[in-house]
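Participant: Quick one, structure for this:
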Amino acid sequence: MCLVCGGRYEESRFPGLVRCKACGFVAANLDISDEELATIYGEDYFHGNEYLDYIAEEESLRLNFRNRISTLRSLVSDLADKELFEIGCAYGFFLQEVAPVVRRASGIDISADAVRSAQGERGVDAVCGDYLKFDLPRPVDIIAMWDTIEHLKRPDLFVSKAARDLRTGGILALTTGDIQSLNARLRGKKWRMIHPPTHLHYFSTATITKLLNRHGFDVIHASHPGNSRKFRSVLYYIFVLRMKRPAIYAALQKIGLFNFSITINLFDIMYIIAQRR
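Facilitator: Numbers count the residues shown, from 1 in each chain. So this is what the prediction gives:
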């Protein structure tokens, strides 16, 4: 049964994925246990599996988080007075960026390794656990889920719990791939976002809006921002991680001409901000 509208699934044009006949929502055609998910999101997930090296991308990730915070500033009045909670906080980069901007920032992640780093290296307020089983001490003003909802076994339950954990008028902000984007449709089964079992659900602007509305949210912002990368990070990815030529990277670093950012936008990543009714 479709978790967005309750409709029935049928085969999709993407191998291994099913599509709702009623609303078009797309999901992976597999059943995975909580134990299997916990195993997937171990240390290797951030260092060799999903990411070649998550820590090496810290500078670039922070650039994108700053852009998301900027959008929140433009839409949320009195942001400095708000309490924020992040689902899927990983190594705590976003929490560290947003902490000076809001009254309080905390988060949760299923990866014990990532949370240890967030607590020990960055000193952020993070806990390891399953958000669905976690009781927030009080309602919050903002809940963020950056590139997280597609990983969840039951994203509908997360959205429903977020609605309960937010104050009336509170904000749910998230990013995820857009399977109805031109790039996704052109790439088909080769679209970079299709890789179960880590990505289990594939939303479009229409289906994420329908899911949020079903659980008491009104979408107030929808955009397709680009992803920023420090050119130095691009060079690191090419020469160190891919080509295994760290000496070339080190030589280029000495030139000192690469400390600038570039933004690539394939218009296939959504930034959605919704307000709880």
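
Participant: which stretch of helix or strand covers the residue nearest to residue 162 when sequence neighbours are not counted?
Facilitator: Take residue 162 and drop its neighbours on the chain: the residue closest to it by CB to CB, 6 or more residues apart in numbering is residue 143, 4.8 Å away. Just so you know, the C-beta spots here come from the backbone N, C-alpha and C atoms, and that holds for glycine as well. Using DSSP states H and E, residue 143 sits within strand 140-146.

Participant: ok so, going back, burial count for the residue nearest to residue 162?
Facilitator: 27 (other CB atoms under 10 Å).

Participant: Could you check the pLDDT of it?
Facilitator: We have a pLDDT of 98 for residue 143.

Participant: which residues of this structure score low on pLDDT?
Facilitator: Low-confidence segments of the chain, defined by pLDDT under 70: 42-53, 237, 242, 256-257.

Participant: can you pull out the helices in it?
Facilitator: 34-40, 43-44, 58-75, 93-98, 112-122, 155-165, 182-187, 205-214, 231-235, 246-255 (DSSP state H).

Participant: before we move on, the earlier item: and the strand holding residue 143 with helix 155-165, angle?
Facilitator: 160 degrees (axes from the mean of the first three to the mean of the last three CA atoms, to 10 degrees).

Participant: what sits up against strand 140-146?
Facilitator: The contact list for strand 140-146 (CB atoms under 8 Å, 6 or more residues apart in numbering) reads 65, 68, 72, 76, 82-88, 94, 102, 158, 162, 165-167, 170-175.

Participant: can you check stretch 190-207 too?
Facilitator: Under CB under 8 Å, 6+ apart, the answer for stretch 190-207 is 3-4, 14, 16-17, 20, 23-28, 30, 32, 36-37, 40, 45, 49-50, 149-153, 155, 176-180, 183-184, 211, 222, 268, 270, 272.

Participant: looking at the helices of the chain, which is buried most?
Facilitator: Using mean count of other CB atoms under 10 Å, the stretch among those with the largest mean neighbour count is helix 93-98, at a mean of 23.

Participant: Who are the packing partners of that one?
Facilitator: helix 58-75, strand 83-87, strand 104-109, helix 112-122 (3 or more CB pairs under 8 Å, 6 or more residues apart in numbering; DSSP states H and E).

Participant: Tell me which of the ones you listed sits nearest to residue 228.
Facilitator: helix 58-75 (4.1 Å; CB to CB).

Participant: List the contacts of that closest one.
Facilitator: Outside helix 58-75, the residues touching it (CB under 8 Å, 6+ apart) are 54, 79, 91, 93-94, 97-98, 101, 142, 144, 146, 171, 173, 175, 220-221, 223, 225, 227-230, 232-233, 261, 271, 273.

Participant: repeat that for 7 Å
Facilitator: Contact with helix 58-75 is made by 79, 93-94, 97-98, 101, 173, 220-221, 225, 227-230, 233, 261, 271, 273, as judged by CB atoms under 7 Å, 6 or more residues apart in numbering.

Participant: what does stretch 91-101 give?
Facilitator: Taking CB under 7 Å, 6+ apart as the rule, stretch 91-101 contacts 54-55, 58, 61-62, 65-66, 69, 79-80, 84, 86, 89, 105, 107, 114, 117-118, 122, 124, 126, 144, 146.

Participant: Distance check, residue 255 against residue 230.
Facilitator: According to CB to CB, to the nearest Å, residue 255 and residue 230 sit 15 Å apart.

Participant: rewinding a little: whichever of the contacts of stretch 190-207 count as buried, I'd like them selected in PyMOL; how would that read?
Facilitator: Per 16 or more other CB atoms under 10 Å, the buried members of these correspond to this PyMOL selection:
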select buried, resi 3+4+14+17+20+23+24+25+26+27+28+37+40+45+149+150+151+152+153+155+176+177+178+179+180+183+184+211+268+270+272
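
Participant: what distance separates stretch 143-161 from the middle of the whole chain?
Facilitator: 9 Å (CA atoms, centre = their mean, to the nearest Å).

Participant: okay, that stretch in PDB with CA atoms only?
Facilitator: The C-alpha coordinates for stretch 143-161 follow below in PDB (Å, rounded to 0.1, in the frame of the first residue of the first chain):
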ATOM      1  CA  ILE A 143      12.800  20.000  12.400                       C
ATOM      2  CA  ALA A 144      15.300  19.400   9.600                       C
ATOM      3  CA  MET A 145      15.900  16.300   7.500                       C
ATOM      4  CA  TRP A 146      18.700  16.900   5.000                       C
ATOM      5  CA  ASP A 147      19.000  14.100   2.400                       C
ATOM      6  CA  THR A 148      17.400  11.800   4.900                       C
ATOM      7  CA  ILE A 149      13.800  11.000   4.000                       C
ATOM      8  CA  GLU A 150      14.800   8.800   1.100                       C
ATOM      9  CA  HIS A 151      16.700   6.500   3.400                       C
ATOM     10  CA  LEU A 152      13.800   5.800   5.800                       C
ATOM     11  CA  LYS A 153      11.900   2.600   6.000                       C
ATOM     12  CA  ARG A 154       8.700   4.400   6.900                       C
ATOM     13  CA  PRO A 155       9.100   8.100   6.000                       C
ATOM     14  CA  ASP A 156       5.400   8.600   6.600                       C
ATOM     15  CA  LEU A 157       5.800   7.700  10.300                       C
ATOM     16  CA  PHE A 158       8.700  10.100  10.600                       C
ATOM     17  CA  VAL A 159       6.600  12.900   9.100                       C
ATOM     18  CA  SER A 160       3.700  12.000  11.400                       C
ATOM     19  CA  LYS A 161       5.900  12.100  14.500                       C
END
